[in-house]
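S.K.: can't give you the sequence, but here's the structure:
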């Protein structure tokens, strides 16, 4: 995702439709959250279907390619049952974990990609190495992730697709579940040797209060997906906009990166009636385990980030 979470049954090569790109929850991992789908390499040999020759066991690369394709095909079809069948039971992507919450699955972004390639496959991956991928450190702590998949086989598959460029490829984290490979997580940001939080852009503080008057985190509890773990927990972040703007802006957009929430205030003139974003206050959802808030002033086609801060549970000031 989306960045929302996304999730399919194996299909043969000639059954597989062109699929799409998704944003992870956010994400999500959001945050978020991206993945791609589409075609299989014509050179793959997964066995002799005539029964006249010896059968071959699919290589891990072939297994991974099929799994990625299955996930995306069913995400495009928004087939939750099929998605659940290819997602690891301990994953935050598992659709069953979102029952009873206000999250809705949107597979529309999967329908845009014409094909994908496995650009790199790494097996025998450790839990520790996974924390080099942005998003993992926000959704999981080390003990929790070790409990979930520490005893499983883990692999990372880098996937590229049209029309993405080389630096936009996604990293799919696969893990075994009762001996079968399943999708566990998808990171749409480049691997980093630092912490996931260090991959966030640096803070920007609206010291002059040209747009933002104040930001208050953890003002209310939001929904929590079914299952355990703080990764699914949501809080509210309240943003109060100044009553005396110091910049020209038609719109003020407020976003959280991991929870993938967005709120906009407009300045409009309709005859004698006018409205303004100035003086408004809005509360949007954020990830309780850590998130990034961005406030953008939009003036016509020009967008300027006027405030950006990071939230860490227990920290007094993350701006």
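M.R.: Perfect, I can see it now. Not measured: the values here are computed from a predicted model.
S.K.: in what helix or strand does the residue nearest to residue 158 when sequence neighbours are not counted lie?
M.R.: With Cβ to Cβ, 6 or more residues apart in numbering as the criterion, residue 158 has its nearest non-adjacent residue at 4.1 Å, and that residue is residue 120. Glycine gets a C-beta too; all of them are placed from N, C-alpha and C. For residue 120, the element it lies in under DSSP states H and E is strand 116-122.
S.K.: may I see the buried residues of that strand?
M.R.: Within strand 116-122, the residues that count as buried by 16 or more other Cβ atoms under 10 Å are 116, 118, 121.
S.K.: my guess is residue 86 contacts residue 67. True?
M.R.: Yes: between residue 86 and residue 67 a contact is recorded at 6.1 Å, counting by Cβ atoms under 8 Å.
S.K.: overlap in contacts of the two?
M.R.: Common contacts of residue 86 and residue 67 (Cβ atoms under 8 Å, 6 or more residues apart in numbering): 182, 183.
S.K.: how much space between the residue nearest to residue 158 and residue 290?
M.R.: Per Cβ to Cβ, to the nearest Å, residue 120 is found 28 Å from residue 290.
S.K.: cool, residue 150 as well?
M.R.: Distance from residue 150 to residue 290, by Cβ to Cβ: 22 Å.
S.K.: pick out whichever of those two has more residues nearby.
M.R.: The neighbour comparison of residue 150 against residue 290 (other Cβ atoms under 10 Å) goes to residue 290, with 22 against 15.
S.K.: residue 313: what's it in contact with?
M.R.: 288, 289, 290.
S.K.: lowest-confidence entry in these?
M.R.: Checking pLDDT across the contacts of residue 313, the minimum falls on residue 289 at 74.
S.K.: wait, that one touches residue 233, no?
M.R.: Yes: at 6.9 Å, residue 289 counts as touching residue 233 under the criterion of Cβ under 8 Å.
S.K.: neighbour count for these two, which is higher?
M.R.: residue 289 (22 against 15).
S.K.: buried sites along whichever helix or strand comes after the strand holding residue 120?
M.R.: Using DSSP H and E, the helix or strand that follows strand 116-122 towards the C-terminus is helix 127-130. Judged by neighbour count (16+ other Cβ under 10 Å), helix 127-130 contains these buried residues: 127, 130.
S.K.: picking up where we left off before, who does the strand holding residue 120 pair up with?
M.R.: Note on strand 116-122: by DSSP bridges, its sheet partners are strand 154-161 (antiparallel).
S.K.: average model confidence for the partner strand?
M.R.: If you average the pLDDT values across strand 154-161, you get 84.
S.K.: sheet partners, orientation included, of the first helix or strand past it going along the chain?
M.R.: Sequence order places strand 170-177 as the next helix or strand after strand 154-161, per DSSP H and E. Using DSSP bridges, strand 170-177 pairs in its sheet with strand 154-161 (antiparallel), strand 180-187 (antiparallel).
S.K.: what is the burial count for residue 179?
M.R.: With neighbours defined by other Cβ under 10 Å, the count for residue 179 comes to 7.
S.K.: picking that back up, residue 86 and residue 67: which has the busier surroundings?
M.R.: Legend: neighbour count by other Cβ under 10 Å for residue 86 and residue 67, higher for residue 86 (27 against 21).
S.K.: if you count neighbours, what's buried in stretch 62-81?
M.R.: 62-80.
S.K.: residue 105 contacts residue 79, correct?
M.R.: No: in this structure, residue 105 is not within contact of residue 79 by Cβ under 8 Å, at 9.9 Å.
S.K.: so which of the buried residues of strand 116-122 is the closest to residue 300?
M.R.: residue 116 (36.4 Å; Cβ to Cβ).
S.K.: where does pLDDT dip in the stretch 151-300 of the chain?
M.R.: The stretch 151-300 of the chain contains residues with pLDDT under 70 at 161-169, 189-201, 220-232, 269, 271, 273-274.
S.K.: where do the strands of it begin and end?
M.R.: 154-161, 170-177, 180-187, 212-224, 233-241, 251-256, 261-266, 268-270, 273-275, 281-287, 291-299 (DSSP state E, counting those that start in this stretch).
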